[in-house]
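Visitor: Pasting the sequence and the predicted model now:
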Amino acid sequence: MKRLLSIVFSLALGAGILPAQDNADTGVSPDKELSQWEKDFLNLPEDRRNDFKKHVVKSRELFNQKRVFECIEELGKAKAIFPDSPDVENMLGACQVEFRAFDNAMTHFNRAIELEPKSASVLFNIAEILFVTKEWEDAEKAFEELIVAIDAEDKEGRQLMMRRLVEFKLLLTKIKLGKMDEAEKMAERYDHLDDSPYPYYAEAAIAYENEENLQAEMAMARAERIFRNPASIAPWKDTMMEFGYIKSFFGGDLAEEAE
């Protein structure tokens with residue numbers, strides 16, 4: 001499970017908002033009404049905004065290098081300059097996940113979503129925590145809300161792979177809730193011309209649930225032949241391990257390892 005979380009949190013963090021020197025650098029359109037935290041940030045002196053940006057950039061580098069304690073130290077310096085950044089709270093939550101301190105992580109993620117209510121990256125992290133801690137009803141609602149947020153942020157479809165992965169996790173959540181009719185309809189949503197592993201892994205999930213293990217393995221093998229880059233398959237395979245359909249490399253499934 002820890003490997004899965006590392007992958008998805010790194011993905012989600014890449015979409016975070018990084019405040020900088022002015023409106024253009026924050027990624028906020030001049031025509032878009034600023035949120036309160038953005039207004040407060042832009043009211044800081046320029047040198048303070050620059051220092052904040054340096055600490056956040058450094059913290060990202062440290063997180064990607066798995067130097068989590070140093071990352072937290074940099075985030076603390078950033079927070080001392082400006083305490084109300086959803087990006088900082090999001091990263092602090094990701095650091096807590098590395099320690100498997102899920103309650104602490106959720107505290108940071110909830111604070112981030114208070115500051116930036118429709119942030120897809122934060123909603124992704126919240127939904128993922130609910131998924132791995134098996135809060136299935138809350139996870140279902142969170143993934144559904146997340147899909148709406150992704151569509152609102154991503155008008156050009158650049159986050160297709162992330163959206164499909166979220167849909168797949170929602171499908172698995174519905175299986176856990178006994179909503180097989182809904183799960184089966186979701187599995188048929190895209191055909192094999194879709195530019196993601198979704199159709200293959202959705203087919204595999206339904207097959208595993210119906211105890212058709214050979215069919216499931218064949219579906220995943222087709223996905224690996226088509227999507228040859230291991231990085232593009234890893235989140236899907238790890239999700240199946242976390243869910244318990246396939247074994248981890250250490251024996252047993254990841255859900256068992258977490259207990």
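Guide: Looks like it arrived, so ask away. Residues are numbered from 1 along each chain as shown.
Visitor: so which strand or helix has Arg48?
Guide: Using DSSP states H and E, Arg48 maps to helix 46-64.
Visitor: Next secondary structure after that helix?
Guide: Once the chain leaves helix 46-64, the next helix or strand it forms, by DSSP H and E, is helix 68-81.
Visitor: Other residues contacting that next one?
Guide: Contacts to helix 68-81, defined as C-beta atoms under 8 Å, 6 or more residues apart in numbering, come from residues 44, 48, 51-52, 55-56, 58-59, 62-63, 85, 88, 91-92, 95, 98-99. Using the backbone N, CA and C atoms, a C-beta is placed for each residue, glycine as well.
Visitor: Kindly format the C-alpha coordinates of the helix holding Arg48 as PDB.
Guide: In PDB, the C-alpha atoms belonging to helix 46-64 read as follows (Å, rounded to 0.1, in the frame of the first residue of the first chain):
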ATOM      1  CA  GLU A  46       7.400  40.800  -2.600                       C
ATOM      2  CA  ASP A  47      10.500  39.500  -0.800                       C
ATOM      3  CA  ARG A  48       8.300  37.500   1.500                       C
ATOM      4  CA  ARG A  49       6.400  36.000  -1.400                       C
ATOM      5  CA  ASN A  50       9.700  35.100  -3.100                       C
ATOM      6  CA  ASP A  51      11.000  33.400   0.100                       C
ATOM      7  CA  PHE A  52       7.800  31.500   0.400                       C
ATOM      8  CA  LYS A  53       8.100  30.200  -3.200                       C
ATOM      9  CA  LYS A  54      11.700  29.100  -2.600                       C
ATOM     10  CA  HIS A  55      10.800  27.100   0.500                       C
ATOM     11  CA  VAL A  56       7.900  25.400  -1.400                       C
ATOM     12  CA  VAL A  57      10.000  24.600  -4.500                       C
ATOM     13  CA  LYS A  58      12.700  23.100  -2.200                       C
ATOM     14  CA  SER A  59      10.100  21.100  -0.300                       C
ATOM     15  CA  ARG A  60       8.800  19.500  -3.500                       C
ATOM     16  CA  GLU A  61      12.300  18.500  -4.400                       C
ATOM     17  CA  LEU A  62      12.900  16.900  -1.000                       C
ATOM     18  CA  PHE A  63       9.500  15.100  -1.100                       C
ATOM     19  CA  ASN A  64      10.400  13.600  -4.500                       C
END
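Visitor: what helices or strands is that helix leaning on?
Guide: helix 2-13, helix 36-42, helix 68-81, helix 86-98 (3 or more C-beta pairs under 8 Å, 6 or more residues apart in numbering; DSSP states H and E).
Visitor: what about those, which gets the closest to Asp194?
Guide: Nearest to Asp194, of all the helices and strands packed on helix 46-64, is helix 2-13, at 19.1 Å by C-beta to C-beta.
Visitor: Now that closest one: average pLDDT?
Guide: Mean pLDDT, helix 2-13: 43.
Visitor: again, but for stretch 116-133
Guide: On average, stretch 116-133 scores 91.
Visitor: same thing with stretch 73-87?
Guide: 96.
Visitor: ok, now stretch 197-212?
Guide: So the average pLDDT for stretch 197-212 ends up being 96.
Visitor: Flag every buried residue along it.
Guide: By 16 or more other C-beta atoms under 10 Å, the buried positions in stretch 197-212 come out as 197-209.
Visitor: JSON lines for those, including distance to Glu167 and secondary structure?
Guide: What follows is the buried residues of stretch 197-212, written out as JSON lines (distance: C-beta to C-beta, whole Å; DSSP: H, G, I helix; E, B strand; the rest coil):
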{"residue": "Pro197", "distance to Glu167": "11", "secondary structure": "coil"}
{"residue": "Tyr198", "distance to Glu167": "7", "secondary structure": "helix"}
{"residue": "Pro199", "distance to Glu167": "11", "secondary structure": "helix"}
{"residue": "Tyr200", "distance to Glu167": "13", "secondary structure": "helix"}
{"residue": "Tyr201", "distance to Glu167": "10", "secondary structure": "helix"}
{"residue": "Ala202", "distance to Glu167": "8", "secondary structure": "helix"}
{"residue": "Glu203", "distance to Glu167": "14", "secondary structure": "helix"}
{"residue": "Ala204", "distance to Glu167": "15", "secondary structure": "helix"}
{"residue": "Ala205", "distance to Glu167": "12", "secondary structure": "helix"}
{"residue": "Ile206", "distance to Glu167": "14", "secondary structure": "helix"}
{"residue": "Ala207", "distance to Glu167": "18", "secondary structure": "helix"}
{"residue": "Tyr208", "distance to Glu167": "17", "secondary structure": "helix"}
{"residue": "Glu209", "distance to Glu167": "17", "secondary structure": "helix"}
